[in-house]
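**Student:** Below is the sequence, then the predicted model.
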Amino acid sequence: MPSGPARLPSDRLLTVLTCPQCHSGLTRADGALRCPARHTFDIARHGHVSLLTGHRRPASADSAAMVSSRAAFLRAGHYDPLARTLADLAAGLAPADATVLDAGAGTGHYLAAVLDALPGALGIGLDTSAAALRATARAHPRARAAGWDVWRPWPVRTGCAHLVLNVFAPRNGPEFRRVLRADGALLVVTPTARHLRELRGPLGLLAVDPRKEERLRRTLSAAFRLDGTERLEFTPALTPGDVVRLVAMSPAAHHLDTAQLPGRVARLGKPVHVTASFAVSVYRPAGSAQ
């Protein structure tokens, strides 16, 4: 995937973002974004902007170590089949010059894959983690990154997005619907009950709720209709170091004793064949004609 410095802001970006305090439009001034009421949000030297000024970041925000592990694991290509699937679907769901919002962008890896498939698109990743925002801002020349808690109402204009991505991230159904165009699409990735099954017992990982997809559909049913779900499963061969990074990049890192992790992984032998299993679902706004 191409990489390069994010050019934040751009005129097009400023047609998407709004001031989180007064909901007015934003302009660039003196290395910051500013609204007519002079609410000001600094642009970091890494290229992202935080709109969370004055708000504590959630405890669940990815740490720098988690983001570093995720970047290394994804850069090695272990989840490339998922990135290709998202890119292929995006190419059929959105126009080439789409506005794409990534809710919980992480490193921006999947957003970058989608932008490669949409040659004129602008991608904006929302995340609470400063480390994730730095990575997203560098993930693609047309990617931008803004610090925001996706559980809260988004500082984004109503009906501006052609496509919303939600890959292993919190799901705010009402905001997904509000920011999407009537002809837009929501692309959601969730792990299935088979995901990483070889690692659960030996490493003490939590099982995936087998009713996860059912809960997802129920959560989104008020505003969306399910257009289809694609099952994707493959078995990457991982080194012990890959397995450590895989675990360290996930929510499991919040509750595992990471000091004991390398020893447990070493007992698995090598290579470690692990099931990667996902449900990739396309949702359309309820009432749309698509």
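**Tutor:** Now that the structure is in, tell me what you want to look at.
**Student:** Can you show me the strands along the protein?
**Tutor:** Using DSSP state E, the strands found in the chain span residues 27-29, 32-34, 40-42, 49-50, 99-103, 122-127, 143-147, 161-167, 180-191, 224-234, 237-238, 272-273, 276-285.
**Student:** Check what contacts the first one and list those residues.
**Tutor:** Put plainly, it is strand 27-29. Pro9, Leu14, Leu33, Arg34, Cys35, Thr40, Ile43 (C-beta atoms under 8 Å, 6 or more residues apart in numbering). In short, each C-beta sits where N, CA and C put it, glycine included.
**Student:** hang on, the earlier thing: would you tell me which of the strands of the chain gets closest to Asp80?
**Tutor:** Shortest distance between Asp80 and the strands of the chain, using C-beta to C-beta, is found for strand 224-234: 9.2 Å.
**Student:** Neighbouring strands of the closest one in the sheet, and parallel or not?
**Tutor:** When sheet partners are counted by DSSP bridges, strand 224-234 sits next to strand 276-285 (antiparallel).
**Student:** Measure how the partner strand sits relative to strand 180-191, angle-wise.
**Tutor:** Between strand 276-285 and strand 180-191, the angle comes out at 160 degrees (axes from the mean of the first three to the mean of the last three C-alpha atoms, to 10 degrees).
**Student:** Just the CA atoms of strand 276-285, as PDB, please.
**Tutor:** C-alpha atoms of strand 276-285 as PDB (Å, rounded to 0.1, in the frame of the first residue of the first chain):
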ATOM      1  CA  ALA A 276      -8.400 -16.300  10.900                       C
ATOM      2  CA  SER A 277     -12.200 -16.200  10.500                       C
ATOM      3  CA  PHE A 278     -14.300 -13.200   9.800                       C
ATOM      4  CA  ALA A 279     -17.800 -12.200   8.800                       C
ATOM      5  CA  VAL A 280     -17.800  -9.200   6.400                       C
ATOM      6  CA  SER A 281     -21.200  -7.600   6.200                       C
ATOM      7  CA  VAL A 282     -22.700  -4.900   4.000                       C
ATOM      8  CA  TYR A 283     -25.500  -2.800   5.400                       C
ATOM      9  CA  ARG A 284     -27.600  -0.300   3.500                       C
ATOM     10  CA  PRO A 285     -29.600   2.500   5.100                       C
END
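**Student:** want to throw the strands of the chain into JSON lines with distance to Ala72 and mean neighbour count?
**Tutor:** Output for the strands of the chain, formatted as JSON lines (distance: least, C-beta to C-beta, whole Å; neighbours: other C-beta atoms under 10 Å):
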{"stretch": "strand 27-29", "distance to Ala72": "33", "mean neighbour count": "13"}
{"stretch": "strand 32-34", "distance to Ala72": "31", "mean neighbour count": "18"}
{"stretch": "strand 40-42", "distance to Ala72": "29", "mean neighbour count": "16"}
{"stretch": "strand 49-50", "distance to Ala72": "25", "mean neighbour count": "22"}
{"stretch": "strand 99-103", "distance to Ala72": "20", "mean neighbour count": "27"}
{"stretch": "strand 122-127", "distance to Ala72": "18", "mean neighbour count": "27"}
{"stretch": "strand 143-147", "distance to Ala72": "19", "mean neighbour count": "29"}
{"stretch": "strand 161-167", "distance to Ala72": "18", "mean neighbour count": "24"}
{"stretch": "strand 180-191", "distance to Ala72": "20", "mean neighbour count": "21"}
{"stretch": "strand 224-234", "distance to Ala72": "19", "mean neighbour count": "15"}
{"stretch": "strand 237-238", "distance to Ala72": "12", "mean neighbour count": "18"}
{"stretch": "strand 272-273", "distance to Ala72": "16", "mean neighbour count": "14"}
{"stretch": "strand 276-285", "distance to Ala72": "16", "mean neighbour count": "21"}
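**Student:** do you know which of those strands lies nearest Asp209?
**Tutor:** Here strand 180-191 is closest among these (C-beta to C-beta), at 9.6 Å.
**Student:** For the closest one, output the C-alpha coordinates as CSV.
**Tutor:** Extracted in CSV, the C-alpha atoms of strand 180-191 (Å, rounded to 0.1, in the frame of the first residue of the first chain):
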residue,chain,number,x,y,z
LEU,A,180,-24.2,8.2,5.4
ARG,A,181,-25.8,9.3,2.2
ALA,A,182,-29.1,7.6,1.4
ASP,A,183,-27.3,5.6,-1.3
GLY,A,184,-24.3,4.9,0.9
ALA,A,185,-23.1,1.6,2.5
LEU,A,186,-21.8,0.4,5.9
LEU,A,187,-19.1,-2.2,5.7
VAL,A,188,-18.6,-4.1,9.0
VAL,A,189,-16.1,-6.8,9.9
THR,A,190,-16.5,-9.0,13.0
PRO,A,191,-14.6,-12.2,14.1
